[in-house]
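Enquirer: next come a sequence and a model predicted from it.
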Amino acid sequence: MSDCVFCKIVAGENPSAKVYEDEVCVAFKDLEPKAPVHLLVIPKVHIQSVDAVTPENSGVVGHIFEVIPKIMAEQGAKTGYRVITNIGPDAGQTVPHLHFHVLAGQEMGWTPA
Ligand code: 5GP
Ligand code: ZN
């Protein structure tokens, strides 16, 4: 997707503060952090959202969930962290490339809606 900002980050065309990268996914710091640690973990392949996960591409989602605990251990998130993904306009998805927000570094409230 040539006009997708996260595809541009994957391609190295847009800068990002990367904390992890492998052949399947990239993790980088959110531009507008909502917690002391606020990462975005994204697949390298363009998938619009959870709504576009299929039997053919769901392996990347499993991979991302294997990687997130390793990244968060490196980030020192000893007392927990939160993973969020927004799907569509009602949920506030602003970038139409599947991404998992990973937040840590403080006690969090629970007012998701
Ligand atoms: P959404 O609202 O789609 O769930 O989350 C999109 C997130 O991406 C927002 O938290 C926003 O701050 C972040 N974001 C948008 N554009 C960029 C960018 O170019 N670089 C980085 N690092 N974060 C971005
Ligand atoms: Zn994309």
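Expert: That came through fine. Ligands and ions are numbered 1, 2, ... in the order given.

Enquirer: and Thr54, backbone torsions?
Expert: phi -130, psi 170 (degrees, to the nearest 10).

Enquirer: my read is that Tyr20 contacts Leu40, right?
Expert: No - counting by C-beta atoms under 8 Å, Tyr20 does not reach Leu40; the two are 10.9 Å apart. All C-beta atoms are positioned from the backbone trio N, CA, C, and that covers glycine.

Enquirer: look at these two and report which has more neighbours.
Expert: Higher neighbour count among Tyr20 and Leu40: Leu40, with 20 against 16, using other C-beta atoms under 10 Å.

Enquirer: does that one really touch Leu31, like I thought?
Expert: No - using C-beta under 8 Å, Leu40 is not in contact with Leu31; the gap is 9.1 Å.

Enquirer: picking that back up, what do Tyr20 and Leu40 both touch?
Expert: Ala27 (C-beta atoms under 8 Å, 6 or more residues apart in numbering).

Enquirer: and Leu103, that one's in a helix?
Expert: No - looking at Leu103 with DSSP: H, G, I helix; E, B strand; the rest coil, it is strand, so not inside a helix.

Enquirer: with adjacent residues omitted, what lies nearest to it?
Expert: Ala35 (4.1 Å; C-beta to C-beta, 6 or more residues apart in numbering).
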